[in-house]
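> Okay, sequence plus prediction incoming.
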Amino acid sequence: MFIVEINKENITMKRVQAVSQVQIDDNQVIVTLWNFPPGSETGWHRHAHDYVIVPVQDGHMLLETPDGEKEVRLKAGECYKRGEGVEHNVINIGEGPFSFVELEIK
């Protein structure tokens, strides 16, 4: 696992990097399994494609966006989608691990 260093308002914190595993990457989709130990994050990133998230486990995450922060509760099997160009950081703020499958549509 990687450690990501965050400096927010002169406070330096370290978070564990969430673990991603690309399972399919072809001319139609990119399918990635994301595993989030407690306190881990994806790091800031921008999506180049529309995508669907399929939670494998329940979870409690914080979405950091340029417009602010939002807490989200994931329920296993309850999907959601977002559009191309979304910029954010996903952080596991729950006490346990969670995971989801991300399907990016090319």
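Received, thanks. Residues are numbered from 1 along each chain as shown.

> all helices of the protein, in order?
Counting by DSSP state H, the chain forms no helices at all.

> Can you find the helix or strand in it with the smallest mean pLDDT?
Using mean pLDDT, DSSP states H and E, the weakest-scoring helix or strand in the chain turns out to be strand 3-8, at a mean of 49.

> Spatially central residue in the chain, please.
Central residue of the chain (C-alpha atoms, centre = their mean): Val90, 4.1 Å from the mean position.

> Val52 versus the residue lying closest to that residue once chain neighbours are set aside, what's the distance?
Using C-beta to C-beta, 6 or more residues apart in numbering and skipping the chain neighbours, the partner closest in space to Val90 is Thr42 (4.5 Å). Bear in mind the C-beta positions are built from the backbone N, C-alpha and C, glycine included. Taking C-beta to C-beta, to the nearest Å as the measure, Thr42 and Val52 are separated by 16 Å.

> From Ile91, how far off is Val54?
19 Å.

> Looking only at neighbour counts, state which of the two leads.
Ile91 (22 against 17; other C-beta atoms under 10 Å).

> Might you report the residue contacts of the more buried one?
15, 39-42, 61-64 (C-beta atoms under 8 Å, 6 or more residues apart in numbering).

> rerun that using 7 Å as the cut-off
For Ile91, the contacting residues are 15, 41, 61-62, 64, by C-beta atoms under 7 Å, 6 or more residues apart in numbering.

> Out of those, flag the one nearest to Glu84.
Glu64 (18.9 Å; C-beta to C-beta).

> who does that closest one bridge with?
Beta bridges link Glu64 to Glu69, Asn89, judged by DSSP bridges.

> Could you do Leu103 as well?
Val31, Val52.

> i'd like the first residue to be 30 from this point on
Yes, from this point I'll number from 30; that puts the last item at Leu132.

> which residues of this structure score low on pLDDT?
Flagging of the chain using pLDDT under 70 yields the residue ranges 30-42.

> if we go to 90?
Low-confidence regions of the chain, defined by pLDDT under 90, span residues 30-44.

> returning to what we had before: got the phi and psi for the residue nearest to Val119?
In terms of degrees, to the nearest 10, the main-chain angles of Thr71 are phi -80, psi -30.
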